[in-house]
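Participant: Provided below for reference: sequence and predicted model.
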Amino acid sequence: TLFMTIFWGFHELSGSVITLFAARNVNLVWIDAAQTNALNSMWIIILSIPISLLWGYLSKKKKNPPTPYKFATGLALAGISFYVLALSGNSADESGMVPFSYLMIMYFLLSVGELFMSPVGLSKITDLSPKRIVAFMMGIWFLSSAYAFQVVGFIGKQLAIESTDINVGGLQTLNVYLGGFDLIAKYALGASVIVFILSPVLKRMMGNVH
């Protein structure tokens, strides 16, 4: 639940910091900044069945990775997704606007990470919890989303742009966002490394539950 809270904390930036970044620093043609939130849903719809089939295929081959490794991979993908945004500055034009493709790739990676963690975690909550407290443990799991918004609020304050100009953007905001995304990527990748290191121990604690 702790690492899921970290993941959701970064994931839910899509409704605040990433939307503002899209409005101020991304070349948008067919959609506006608020509509970029739908990219996550789009990728989830496209990728959910293929990834589900992948787990089934790997299970038949007895190569399905244990849950802790899936969590570590999901956090790593979240970190890489923000690193993609941090690198977008290399393609910025003279007015500080970056190509929309970076946002597409970022949401793709973040959505794959979500599919590696969220449905898998929900499944393991029911598998690992004593039957009499399954509902309680599910509540604890979903509470991670509530705590995640505290993380979102903290990060949002750190990346707030101090300006009286409602149309602030371009070069005025680009470096602030790029620096923030780079730092977020490092934290997510760091959390991923910790989970990878702890995975053998967590796997033993899970017993026969894969």
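Facilitator: Alright, I've got the coordinates. Residues are numbered from 1 along each chain as shown.
Participant: What segments of the chain are helices?
Facilitator: If you assign secondary structure with DSSP state H, the helices in the chain sit at 2-11, 17-25, 38-60, 67-87, 100-128, 134-158, 171-205.
Participant: So what touches the third one?
Facilitator: What that stands for is helix 38-60. 14, 31, 64-65, 103-104, 107-108, 110-112, 114-116 (Cβ atoms under 8 Å, 6 or more residues apart in numbering). Bear in mind the C-beta positions are built from the backbone N, C-alpha and C, glycine included.
Participant: Give me the buried entries from these.
Facilitator: Applying a neighbour-count criterion of 16 or more other Cβ atoms under 10 Å, the buried members of the contacts of helix 38-60 are 14, 64-65, 103, 107-108, 110-112, 114-116.
Participant: which pair in the residues you listed spans the largest distance?
Facilitator: N64 and L103 (31.6 Å; Cβ to Cβ).
Participant: most remote residue from this structure's center?
Facilitator: Going by Cα atoms, centre = their mean, the residue of the chain most distant from its centre is R132, 31.8 Å out.
Participant: Relative to I125, how far out is that residue?
Facilitator: Here the criterion is Cβ to Cβ, to the nearest Å. By it, R132 lies 14 Å from I125.
Participant: What of T67?
Facilitator: According to Cβ to Cβ, T67 stands 11 Å off from I125.
Participant: Give me the more crowded residue out of these two.
Facilitator: Neighbour totals were compared for T67 and I125, and T67 leads with 22 against 17 (other Cβ atoms under 10 Å).
Participant: need the contact list for the residue nearest to F10 when sequence neighbours are not counted.
Facilitator: Nearest in space to F10, with sequence neighbours left out and distances taken as Cβ to Cβ, 6 or more residues apart in numbering, is A78 at 5.3 Å. Residues in contact with A78 (Cβ under 8 Å, 6+ apart) are 7, 10-11, 109-110, 113, 188, 192.
Participant: Need the pLDDT of A78.
Facilitator: What the model reports as pLDDT for A78 is 94.
Participant: and if you look at V112?
Facilitator: pLDDT for V112: 96.
Participant: and it, what does it touch?
Facilitator: Applying Cβ under 8 Å, 6+ apart, we find V112 in contact with 43, 47, 51, 74, 77.
Participant: helices or strands up against the lowest-mean-pLDDT helix or strand in the chain?
Facilitator: Ranking every helix and strand in the chain by mean pLDDT, DSSP states H and E puts helix 134-158 at the bottom, with a mean of 77. Of the remaining helices and strands, those touching helix 134-158 by 3 or more Cβ pairs under 8 Å, 6 or more residues apart in numbering; DSSP states H and E are helix 2-11, helix 100-128, helix 171-205.
Participant: Run the angle between it and helix 171-205 for me.
Facilitator: Counting by axes from the mean of the first three to the mean of the last three Cα atoms, to 10 degrees, helix 134-158 lies at 150 degrees to helix 171-205.
Participant: who's in contact with helix 134-158?
Facilitator: For helix 134-158, with Cβ under 8 Å, 6+ apart as the criterion, the contacting residues are 1-2, 4-13, 15-17, 121-122, 125-126, 129, 180, 184.
Participant: Would you reformat the buried ones among the contacts of helix 38-60 as TSV and include distance to F21?
Facilitator: Supplementary listing: those in TSV, determined by distance: Cβ to Cβ, whole Å:
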residue	distance to F21
S14	10
N64	36
P65	33
L103	8
Y107	12
F108	17
L110	14
S111	17
V112	20
E114	19
L115	23
F116	24
